[in-house]
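*Asks:* give me coordinates for this.
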Amino acid sequence: MNKIATPTIPSAAPSAAALLQRARAMVPVLAARAQATEDARSVLPETIADFEAAGFFRILQPAQYGGYEMTPMEMFDVAMELAKGCPSSAWCMCLLAIHNWEIGLLDPQAAQDIWGRDHTVRLSSSYAPFGTVERVEGGFRISGRWPFSSGCDHGDWAILGGRAPSEPGTPPDMRAFIVPRRDYVIDDTWHVLGLRGTGSKDVVVEGAFVPEHLTHKFADSYFGMDPGRATFTAPTYRYPFGIVFAYTLAVVTLGMAEGAREVFLEQMQTRLGAYDGAKASEDPLVRQRVALADTMIRSQRALLAANFADLARYVAADEPIPLELRVRCKWDAQQMSRVAMEAIELLFKASGGRGIRQENPLQRFFRDVQAASNHAYLNADKGALNAGGVLLGAANGDFAL
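*Replies:* You can find the predicted model right below:
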């Protein structure tokens, strides 16, 4: 077994404010690349290089492997800013970065296998249990096709969901299996309406062996027993996986809504009605819709901050996070994507015919938020059933918390 790497904390790790400023400076660059990103159906290599140079992928990575070990909120702030320029690029940045956090939850040998020689190695994912899993000596053998692996063109490993065989009468052993690039192929199936630039293609595996330590047992995360906590002791690794992952997706939709609001306000300052020449900024419908959208967006920002402040208090005290809080936070993430979608729809409909032009960023925000809010992890209808049931005294039925 390889030795765990000695700490290599960067001597000049940036502050959260510096990272956020780098993200803001990158927004116009991403906006200029947005159409090319969609045309490529994958985040552009130069954008990935810019994210790497800015340190975004290191925000949540263990310090032993060159990371900054910041909080999820600090990464979310960066992602929401980037989404104003190019939602697809922000979506992939957020997911590639969160996987560097996830590895810190696992057996520390996983981190050594992945980053022992190169701290910049990245991972994509597809968590739904699409493949087949067989128990073999020392681990598992997996096969199958996993769709929707965002950013897989830029990944060196893939994290793939599956059900490991379990004893009759016991709960399903849900896991994620981590496989190196040599053990899978990418099938370019990504021809879609929204989030076109995420390159969320299929990952295909045929009989790859995965050792036990390269698996993420979701029950460990649900019960707060992640094996990596003994080695990676920074507070950030005490947040619940299911909650952090849900917000990883949801915050990008909120960033889209903020970007749509900014574009809409800028356009309406100078726009005149096509038929009557009236100022759009004086149109009662425009004023009503932008006021409502603004309230919706700001309320979600405030709720996001409040929820993570609540979580942070338990994390700081190293106390278990109550199930009721976890259920609430998961539901709020799902509802966030719905509210972001509704806010963008308000602005898009008030933009008139000009909103549908390809060069208008509003149509991209509209399409991308529709795609993002369709993600299974952001299913607000299903989430409401569980959250409402728990409020009414029913047992929790969502174990991805």
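*Asks:* so how far is residue 181 from the most centrally placed residue in the chain?
*Replies:* For the chain, residue 248 is the residue whose C-alpha lies nearest the centre (CA atoms, centre = their mean; 3.1 Å). Note on residue 248: its distance to residue 181, by CB to CB, to the nearest Å, is 22 Å. C-beta coordinates here come from the backbone N, C-alpha and C atoms, glycine included.
*Asks:* so which strand or helix has the closest residue to the residue nearest to the centre of the chain other than its chain neighbours?
*Replies:* Ranked by CB to CB, 6 or more residues apart in numbering and with sequence neighbours excluded, the top spatial neighbour of residue 248 is residue 98, at 4.6 Å. In the assignment (DSSP states H and E), residue 98 maps to helix 87-102.
*Asks:* surely residue 213 meets residue 103?
*Replies:* No: applying CB atoms under 8 Å, one finds residue 213 not in contact with residue 103, separated by 11.2 Å.
*Asks:* so for these two, which residue has more residues nearby?
*Replies:* Ranked by neighbour count (other CB atoms under 10 Å), residue 213 and residue 103 place residue 103 first, with 29 against 18.
*Asks:* quick one: the nearest residue to the more buried one once chain neighbours are set aside from residue 233, how far?
*Replies:* Distance criterion CB to CB, 6+ apart; nearest residue to residue 103, sequence neighbours excluded, is residue 111 at 5.1 Å. Distance, residue 111 to residue 233, by CB to CB: 13 Å.
*Asks:* circling back: okay, now the residue nearest to residue 103: neighbour count?
*Replies:* Neighbours of residue 111 (other CB under 10 Å): 25.
*Asks:* using PDB, list the CA coordinates for the helix or strand harbouring it.
*Replies:* Residue 111 belongs to helix 108-115 when elements are defined using DSSP H and E. Provided in PDB are the C-alpha atoms of helix 108-115 (Å, rounded to 0.1, in the frame of the first residue of the first chain):
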ATOM      1  CA  PRO A 108      -7.400   8.000   2.500                       C
ATOM      2  CA  GLN A 109      -5.800   5.400   0.200                       C
ATOM      3  CA  ALA A 110      -8.300   6.600  -2.500                       C
ATOM      4  CA  ALA A 111      -6.800  10.100  -2.400                       C
ATOM      5  CA  GLN A 112      -3.300   8.700  -2.600                       C
ATOM      6  CA  ASP A 113      -4.200   6.500  -5.600                       C
ATOM      7  CA  ILE A 114      -5.800   9.500  -7.400                       C
ATOM      8  CA  TRP A 115      -3.400  12.400  -6.500                       C
END
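*Asks:* check the offset of that helix from the chain's centre.
*Replies:* 22 Å (CA atoms, centre = their mean, to the nearest Å).
*Asks:* same thing with stretch 240-252?
*Replies:* With CA atoms, centre = their mean as the basis, stretch 240-252 stands 6 Å off its chain's centre.
*Asks:* got the contact list for that stretch?
*Replies:* Contact with stretch 240-252 is made by 72, 76, 79-80, 83, 87, 90-91, 94-95, 98, 101-102, 105, 216, 218, 221-222, 224, 226, 304, 308, 311, 321, 326, 329-330, 333-334, 336-337, 340, 372, 375, 377-378, 398-401, as judged by CB atoms under 8 Å, 6 or more residues apart in numbering.
*Asks:* out of those, which are inside strands?
*Replies:* Mapping the contacts of stretch 240-252 onto strands (DSSP state E) picks out residue 216.
*Asks:* buried sites along the longest helix anywhere in the chain?
*Replies:* The helix that spans the most residues within the chain, counting by DSSP state H, is helix 284-317. For helix 284-317, the neighbour count (16 or more other CB atoms under 10 Å) marks 286, 289-290, 293-294, 296-297, 300, 303-304, 307-308, 311-312, 314-315 as buried.
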